[in-house]
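A.B. asks: below are the sequence and a predicted model; questions follow.
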Amino acid sequence: MPSASLTRRHASLVTVRALGNWVNLSTPLGLLIARLGQAQVHRHERGLYLAESYRLRFPVAGAFTVGNVILTAGSLEQLTGRGQLLEHEEAHTWQYLYCLGLPYYLAYGACVAWSVLTTGDRALGNFFERQAGLAAGGYLNP
């Protein structure tokens, strides 16, 4: 069982992430994208927003993250029912914080290019996807 100080520390880090991703504009951008995609947005624990029934065809993904907003064309049950996928997408929320928000796209794009050049796949050699967990993100499933 985690100690109370660890729990307080984790809660403090989650608050820093939530505030940081608002300040660096990635969460407001995620909410705008959710609105443009006609997704239904729900507040979730740990400062996350889950957006279901996203209707735009880009990007092609089962789920994707912008700031603290996790979007899916499917339902919340599909996203939360696959606990590892939610954990994978939540890992990307930290990456937005570490990259100071919108510069994440430049770094992520470079990692996609590197991955395609070295493995022929957009995720297998992608630093960000590897750090978030390839299997958890569904990249290692047949």
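C.D. replies: Arrived safely, thanks for sending. Numbers count the residues shown, from 1 in each chain.
A.B. asks: the residue lying closest to residue 41 once chain neighbours are set aside: what secondary structure?
C.D. replies: Distance criterion Cβ to Cβ, 6 or more residues apart in numbering; nearest residue to residue 41, sequence neighbours excluded, is residue 51 at 4.7 Å. To be clear about C-beta, it is placed using only N, CA and C from the backbone, and glycine gets the same treatment. Secondary structure state of residue 51, per DSSP: H, G, I helix; E, B strand; the rest coil, is strand.
A.B. asks: okay, now residue 52: neighbour count?
C.D. replies: Neighbour count for residue 52, taken as other Cβ atoms under 10 Å: 21.
A.B. asks: ok, it - contacts?
C.D. replies: 39, 40, 42, 72, 74, 75, 76, 79 (Cβ atoms under 8 Å, 6 or more residues apart in numbering).
A.B. asks: what is the nearest of these to residue 59?
C.D. replies: If you rank the contacts of residue 52 by distance to residue 59 using Cβ to Cβ, residue 72 comes first, at 11.5 Å.
A.B. asks: can you list phi and psi of that closest one for me?
C.D. replies: For residue 72, the backbone dihedrals (degrees, to the nearest 10) come out as phi -150, psi 150.
A.B. asks: with adjacent residues omitted, what lies nearest to it?
C.D. replies: Nearest non-adjacent residue to residue 72, counting by Cβ to Cβ, 6+ apart: residue 63, 4.3 Å away.
A.B. asks: on that earlier part again, and the contacts of residue 52 as JSON lines, adding secondary structure and neighbour count?
C.D. replies: Below are the contacts of residue 52 laid out as JSON lines (DSSP: H, G, I helix; E, B strand; the rest coil; neighbours: other Cβ atoms under 10 Å):
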{"residue": "39", "secondary structure": "coil", "neighbour count": "22"}
{"residue": "40", "secondary structure": "strand", "neighbour count": "12"}
{"residue": "42", "secondary structure": "strand", "neighbour count": "11"}
{"residue": "72", "secondary structure": "strand", "neighbour count": "22"}
{"residue": "74", "secondary structure": "coil", "neighbour count": "14"}
{"residue": "75", "secondary structure": "coil", "neighbour count": "13"}
{"residue": "76", "secondary structure": "helix", "neighbour count": "17"}
{"residue": "79", "secondary structure": "helix", "neighbour count": "21"}
